[in-house]
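**Student:** sharing a model prediction with you, sequence too.
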Amino acid sequence: MAINTRSFMERYLKIRDKRAQLVDFKLNAAQEKLYRVIAGQYREGRPIRAIILKARQMGFSTLTEGMIFKDTATQPNISSGIVAHEAAATDNLFRMSKRYYENLDEDLRPELKASNAKELIFDFADGNSSIKCMTAGNGSIGRSDTFQNLHISEYAFWPKNKGEILTGLLQAVPNEPNTMVIIESTANGYDDFKDIWDKAVAGENDFAPVFCAWWEHAEYAMPYNGFALTAKERELKRLYGLTDEQLAWRRWCIKNNCRGDAELFRQEYPSCPEEAFLMSGRPVFNNEKVMARIAEIGKEEALKTGRFLFTWNDAESKDRISEYSFHGEKQGFLRIYREPEAYVPYVIGADTKGEGKDFFAATVIDNRTGERVAALHMQVNESRPFTWQLYCLGKWYNDALIGVEMNFNTAPIEELQRLQYPRQYIRLTYDSATKKEQKKYGWKTDGNTRPLIIDREVGQVDENIRLFHDIPTLREMITFVYDDNGRPDAIEGKHDDLLFSDMIANEIRGQQRRYAEEPEAADEDIVPYEEQADDLLGFGR
């Protein structure tokens, strides 16, 4: 990637403008911003790596294709790859490269050895160079190639296995000077693109983060006719130094391009990176409210982090846990936000490890208030270590009512029974053989209960988000979105274990009392939980 690339592009390349006219390629302000970053990396002798978070129609793809074309069409043995999110976009990017070639001065134009639907191969005496355009969707694309230049286009909108595809493509680019990888996309919620962006901002990878707000694009302005500014417009003017002409264009764009929806404008034309991610995607929860709560909690640590240490009555048979105590550890998998209070009723929802790389998770709720007081989060190969911690957690919180999801794994329920844990959530099932209702331990998430617990959790977040203290749980809310079929689910590569343990705990509260109560003095006066549950389930005693 030679440093005179800009002069080559502006002197020799033609682009199609918004009036469908062929014009000389002159960098706009947004393109200049990116080019300065790339030129700086080149001068330092580093591999060129940039990630671009963009608003619409900024021209970043035009610039990236121009740089790739110049590098590939002017020297031998250069292989460049361009990968778009869908076939139509791939076609468009290929046409852009072909237009550069067809309108290049004849004395600069290399012989074209081949030009098929998606590839240009330039014939040089010392070796061919090529530009290959591909569509994401196949995990094997690029795995047999070596690229000097790679353009990842609209990465946030790649298919579900995009992390796997990107990993394979990145291996195809040597970590050497004179190589270039550009990842660009508009935001699409809190996905893998955002993870890479956040790491770039934090300096945890070699990608330079580049963001351009809508108001940095010179075309986004129109004559001001003297209208009175709204409070929001005055705020934007103060925050970003906007001109009245820019605000006039914003009004026009909201009215004509965004169906009168100012929130849609914020999504398509963000003013800052945070707004880009916050307003995009199809979140189930109110992400603005959740993000505000995370910011409010800040970097405050849990009251305690650690795990339970315990001893067995018989170490060989592991018959029952005789003693337990909380052991503080900085990186512990148990986070305590409120310690147990005497006689207070608590409930615990537990989500068992399902398919893939999920965690075991549990959430403790103070049943008087709904406040989330503790969270347990473990990634272990089998359920018993989690169940032993869950047993101790329940005992510590005054023999809390525990509801374990039974969809994927009933072993924790059975282990709690073996350990004679006194309070497990009871559900009713219908036995078609006996035509009678039966009582069984464990929470079942199905087509009826799943929408219910999600809806109630959304309502609680909207009504009183200060009940939530666990930042990892709140982060799972942010990445819990409606998929293409309208089903609420975690974004690929993200988890929802803590979120579901929280929702289960919130739902089973009806089987636990909601007030603090001292136990009766005589043990024989205490009603066993199974009998208490009969009343709640309608059996009577």
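**Tutor:** Here it is on my side, so go on.

**Student:** give me the domain ranges for this structure.
**Tutor:** Per the record, the chain has its domains at 5-212, 231-281, 304-537, by automatic domain parsing.

**Student:** where does the stretch 301-450 of the chain dip in pLDDT?
**Tutor:** Within the stretch 301-450 of the chain, the stretches falling below the threshold (pLDDT under 70) are 301, 354-357, 430-431.

**Student:** again, 80 this time
**Tutor:** 301-302, 354-358, 430-436 (pLDDT under 80).

**Student:** mind listing the helices for it?
**Tutor:** Using DSSP state H, counting those that start in this stretch, the helices of the stretch 301-450 of the chain run over 384-396, 411-418, 449-463.

**Student:** export those helices to TSV and tack on mean neighbour count and distance to residue 119?
**Tutor:** For every residue, glycine as well, the C-beta is placed using N, CA and C. What follows is the helices of the stretch 301-450 of the chain, written out as TSV (neighbours: other C-beta atoms under 10 Å; distance: least, C-beta to C-beta, whole Å):
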stretch	mean neighbour count	distance to residue 119
helix 384-396	22	52
helix 411-418	18	53
helix 449-463	15	46
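
**Student:** residue 132 against residue 81, yeah?
**Tutor:** Yes. Shown here, residue 132 and residue 81 form a contact pair, counting by C-beta atoms under 8 Å, at 5.3 Å.

**Student:** pull up the overlap in contacts between those two.
**Tutor:** By C-beta atoms under 8 Å, 6 or more residues apart in numbering, residue 132 and residue 81 have these common neighbours: residue 145.

**Student:** helices of the stretch 101-250 of the chain, start to end?
**Tutor:** Under DSSP H, counting those that start in this stretch, the stretch 101-250 of the chain gives helices at 162-170, 192-201, 231-240, 244-256.

**Student:** out of the ones you listed, nearest to residue 333?
**Tutor:** Evaluated with C-beta to C-beta, the helices of the stretch 101-250 of the chain place helix 192-201 nearest to residue 333, the distance being 22.1 Å.

**Student:** please state the offset of stretch 394-408 from the chain centre?
**Tutor:** Between the centre of stretch 394-408 and the centre of its host chain there is 29 Å, according to C-alpha atoms, centre = their mean, to the nearest Å.

**Student:** next, the buried residues of that stretch.
**Tutor:** The neighbour-count check on stretch 394-408 (16 or more other C-beta atoms under 10 Å) flags 394-398, 400-406 as buried.

**Student:** do stretch 296-306 as well
**Tutor:** Of the residues in stretch 296-306, those buried by neighbour count under the rule 16+ other C-beta under 10 Å are 302, 304, 306.

**Student:** on contacts alone, who are the packing partners of the helix or strand where residue 34 lies?
**Tutor:** Applying DSSP states H and E as the criterion places residue 34 in helix 29-43. Other helices and strands packing on helix 29-43, by 3 or more C-beta pairs under 8 Å, 6 or more residues apart in numbering; DSSP states H and E, are strand 48-53, helix 60-73, strand 208-211.

**Student:** repeat that with 6 Å
**Tutor:** When contacts are defined as 3 or more C-beta pairs under 6 Å, 6 or more residues apart in numbering; DSSP states H and E, helix 29-43 packs onto strand 48-53, strand 208-211.

**Student:** quick revisit: who has more neighbours, residue 132 and residue 81?
**Tutor:** More neighbours surround residue 81 than the other of residue 132 and residue 81, with 25 against 21 (other C-beta atoms under 10 Å).

**Student:** Three-state assignment for the more buried one, please.
**Tutor:** Secondary structure assignment for residue 81 (DSSP: H, G, I helix; E, B strand; the rest coil): strand.

**Student:** wait, doesn't it sit right on residue 150?
**Tutor:** Yes. A contact is recorded between residue 81 and residue 150 when judged using C-beta atoms under 6 Å, the distance being 4.9 Å.

**Student:** closest to residue 51 out of the buried residues of stretch 394-408?
**Tutor:** Distance ranking of the buried residues of stretch 394-408 against residue 51, using C-beta to C-beta, places residue 405 first at 37.5 Å.

**Student:** where in the protein is pLDDT low?
**Tutor:** Across the chain, residues meeting the criterion (pLDDT under 80) sit at 1-3, 114-117, 138-140, 142-143, 160, 279-280, 298-302, 354-358, 430-436, 519-541.

**Student:** can you rerun that using 50?
**Tutor:** Along the chain, the parts satisfying pLDDT under 50 run over 1-3, 521-527, 536-541.

**Student:** quick one: the spatially closest residue to residue 77 that is not a sequence neighbour from residue 155, how far?
**Tutor:** With sequence-adjacent residues excluded and distances taken as C-beta to C-beta, 6 or more residues apart in numbering, residue 77 is closest to residue 127, at 4.1 Å. Distance, residue 127 to residue 155, using C-beta to C-beta, to the nearest Å: 30 Å.

**Student:** got it, and residue 19?
**Tutor:** For residue 19, the distance to residue 155 under the criterion C-beta to C-beta works out to 30 Å.

**Student:** try residue 8
**Tutor:** Using C-beta to C-beta, which is the criterion applied here, residue 8 is 27 Å from residue 155.

**Student:** tell me what residue 424 is bridged to.
**Tutor:** Residue 424 has these beta-bridge partners by DSSP bridges: residue 402.

**Student:** contacts only, for it.
**Tutor:** Under the criterion of C-beta atoms under 6 Å, 6 or more residues apart in numbering, the contact partners of residue 424 comprise 402, 416, 441.

**Student:** wait, the first one touches residue 394, no?
**Tutor:** By that I understand residue 402. Yes. A contact is recorded between residue 402 and residue 394 when judged using C-beta under 6 Å, the distance being 5.0 Å.

**Student:** burial count for residue 181?
**Tutor:** When neighbours are counted by other C-beta under 10 Å, residue 181 registers 23.

**Student:** surely it and residue 49 touch.
**Tutor:** Yes. Taking C-beta under 6 Å as the contact criterion, residue 181 and residue 49 are neighbours in contact, 5.2 Å apart.

**Student:** so how many other residues sit close to residue 294?
**Tutor:** Count around residue 294 with other C-beta under 10 Å applied: 16.

**Student:** for it, give its distance to residue 42.
**Tutor:** Per C-beta to C-beta, residue 294 is found 38 Å from residue 42.

**Student:** same check on residue 67?
**Tutor:** Residue 67 is 10 Å from residue 42, by C-beta to C-beta.

**Student:** check residue 338 too.
**Tutor:** Applying C-beta to C-beta, one obtains 54 Å for the distance of residue 338 from residue 42.

**Student:** and if you look at residue 107?
**Tutor:** 26 Å.

**Student:** these two: which is more packed in?
**Tutor:** The residue with the greater number of neighbours, taking residue 107 and residue 42 and applying other C-beta under 10 Å, is residue 42; the counts read 18 against 5.

**Student:** neighbours of the closest residue in space to residue 272 that isn't next to it in sequence, how many?
**Tutor:** For residue 272, the nearest residue in space outside its immediate sequence neighbours is residue 213; the separation is 6.6 Å by C-beta to C-beta, 6+ apart. Residue 213 has 20 neighbours, counted by other C-beta under 10 Å.

**Student:** ditto for residue 21
**Tutor:** When neighbours are counted by other C-beta under 10 Å, residue 21 registers 9.

**Student:** how close does it get to residue 14?
**Tutor:** Residue 21 sits at a distance of 10 Å from residue 14 (criterion: C-beta to C-beta).

**Student:** before we move on, what about residue 213?
**Tutor:** Computed as C-beta to C-beta, the residue 213 to residue 14 distance reads 28 Å.

**Student:** cool, residue 45 as well?
**Tutor:** To residue 14, residue 45 is 32 Å away according to C-beta to C-beta.

**Student:** so which of these two has more stuff around it?
**Tutor:** A count of neighbours by other C-beta under 10 Å puts residue 14 above the other of residue 45 and residue 14, at 15 against 8.
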